[in-house]
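Trainee: just coords:
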């Protein structure tokens, strides 16, 4: 995706008046495009150094370094640029100190691995390419040797800045196979705001399923809590029990389970395409009770632990993310918003924003593809349709809210069923009210 989108993003950015530096970036990128690196030349230290130094000299010579500055934006708005590594990042509507985004793994590209043996040496933020305002050359007295010291600066309101320096708890809702572990480890271990410690949620394991249990003092500062919210096995078990609508379909499914693994896979994909995002969310709500409970309790415990005696929270926050930051993340955020009484319209709108931030045409495409699946149209048989699952159409979240209320009577009744009872909800409401009060006090 990076290979096909970075050039277009850069060319679009060049259209902004006064941003002449984008032309230089495009030239630099084109001249070295054979590397196909999302941060231009980060994988090649020697070429990277030459390109950055050459770019800075051009910019300083033209006297246009100041043109690179971002305009000021209101608090809690995050600057996204063509170089943004963390997509779909934003504060969750109606929630304080809780943010949502897509995968954070690409932050690992900000750190050098000069010798290939995992020895991390340097942090190179993406804004260094947007505003490389300082590149100092110093002559060592007596030897005439010239050494170069690079200094880089973040935009204070960038997603990268928030994650690297400020956030204290990250809920990673992905499965192990969805992570780039090498990149994830690079940035989490070397984050300039403090090292992140990882913790894994495991079902039916008293030593792992409690966020607070066994945490050291260091872990109370910054932690990545990994909770696999979408289990394929639970999904397919739910499919076999709830989505097989006729006796012949159930018979065929059981035959494939026993004798035809390829046929079983193709049948499962066809059923998923037919159910679409609505079915996917239904399955998560019905099969991931323990995981959703772990997410909600971790948020409460973290916010309580970082609140001082006066109710203020000077730094820190919670980030919830999965791969795209819309499906699993969207459900956890929806439950948080519902607890605080955020209206359905705001919940649905906040979910739907992902469609724009991820540059997806998901609403129309998903509706069309799902319709084609029902009519035996163009959706490929036996293969998962990316068009159906790529967007965040408003109707998918509206359906999920209606589904929960239809089966359980209310969102609170559903939360009771997974263990996040009134006591937990009152704690969540209390710590959230304190956060709002603290924000208003700081503004005054």
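Mentor: Received, thanks. A quick note: this is a predicted structure, and the numbers were derived from the prediction, not measured.
Trainee: only C-alpha atoms for contact and neighbour calcs from this point on.
Mentor: OK.
Trainee: where does the chain have low pLDDT?
Mentor: Residue ranges of the chain with pLDDT under 70: 1-83, 112-155, 205-220, 308-315, 360-380, 435-444.
Trainee: in it, which spans are strands?
Mentor: For the chain, applying DSSP state E gives strands covering 90-91, 98-101, 111-113, 120-123, 134-139, 146-151, 169-172, 197-200, 223-226, 318-321.
Trainee: Pull up the pairing partners for the last one, direction included.
Mentor: Read it as strand 318-321. Sheet pairing for strand 318-321, assigned by DSSP bridges, gives strand 98-101 (parallel), strand 169-172 (parallel).
Trainee: Mind putting the ones you listed into TSV with mean neighbour count and distance to residue 243?
Mentor: Below are the strands paired with strand 318-321 laid out as TSV (neighbours: other CA atoms under 10 Å; distance: least, CA to CA, whole Å):
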stretch	mean neighbour count	distance to residue 243
strand 98-101	24	31
strand 169-172	26	29
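Trainee: OK, contacts around the closest residue to residue 106 other than its chain neighbours?
Mentor: Closest residue in space to residue 106, ignoring its immediate chain neighbours: residue 85 at 5.8 Å, by CA to CA, 6 or more residues apart in numbering. Contacts for residue 85 (CA atoms under 8 Å, 6 or more residues apart in numbering) come out as 104, 106, 107, 126, 160.
Trainee: biggest separation within these, which pair?
Mentor: When CA to CA is used, the two most widely separated members of the contacts of residue 85 are 104 and 126, lying 13.8 Å apart.
Trainee: Okay, and the beta partners of residue 91?
Mentor: residue 99.
Trainee: What is the burial count for it?
Mentor: Number of residues near residue 91 (other CA atoms under 10 Å) recorded here: 18.
Trainee: does it really touch residue 100, like I thought?
Mentor: Yes. Between residue 91 and residue 100 there is a contact at 6.3 Å, judged by CA atoms under 8 Å.
Trainee: State the distance from residue 320 to residue 97.
Mentor: Computed as CA to CA, to the nearest Å, the residue 320 to residue 97 distance reads 11 Å.
Trainee: More neighbours: which of these two?
Mentor: residue 320 (27 against 19).
Trainee: give the contact list for the more buried one.
Mentor: Residue 320 neighbours (CA under 8 Å, 6+ apart): 98, 99, 100, 101, 170, 171, 172, 173, 329, 332, 333.
Trainee: residue contacts, the fourth one?
Mentor: Think residue 101. Counting by CA under 8 Å, 6+ apart, the residues that residue 101 touches are 86-90, 319-322, 324-326, 329.
Trainee: Make a markdown table from the residues you listed and add distance to residue 381 to it.
Mentor: Formatted as a markdown table, the contacts of residue 101 follow (distance: CA to CA, whole Å):
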| residue | distance to residue 381 |
| --- | --- |
| 86 | 33 |
| 87 | 31 |
| 88 | 31 |
| 89 | 34 |
| 90 | 36 |
| 319 | 37 |
| 320 | 34 |
| 321 | 31 |
| 322 | 27 |
| 324 | 25 |
| 325 | 27 |
| 326 | 26 |
| 329 | 29 |
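Trainee: By neighbour count, which of those residues wins?
Mentor: residue 89 leads the contacts of residue 101 on contacts (other CA under 10 Å) with 29 neighbours.
Trainee: Next up, phi/psi of it, please.
Mentor: With angles defined as degrees, to the nearest 10, residue 89 sits at phi -90, psi 130.
Trainee: all numbers from here: first residue = 42
Mentor: Let's use 42 as the start, then, which means that last one is residue 130.
Trainee: For it, which non-adjacent residue is spatially closest?
Mentor: In space, and not counting its chain neighbours, residue 130 is closest to residue 142: 4.1 Å by CA to CA, 6+ apart.
Trainee: what's the distance between that neighbour and residue 230?
Mentor: Going from residue 142 to residue 230 by CA to CA gives 20 Å.
Trainee: Same question for residue 372.
Mentor: Residue 372 sits 29 Å away from residue 230, going by CA to CA.
Trainee: Please identify which of these two sits among more neighbours.
Mentor: Neighbour count, other CA under 10 Å: between residue 372 and residue 230, residue 372 has more, with 20 against 15.
Trainee: Count the residues that sit near residue 321.
Mentor: When neighbours are counted by other CA under 10 Å, residue 321 registers 20.
Trainee: I am finished for the moment; much appreciated.
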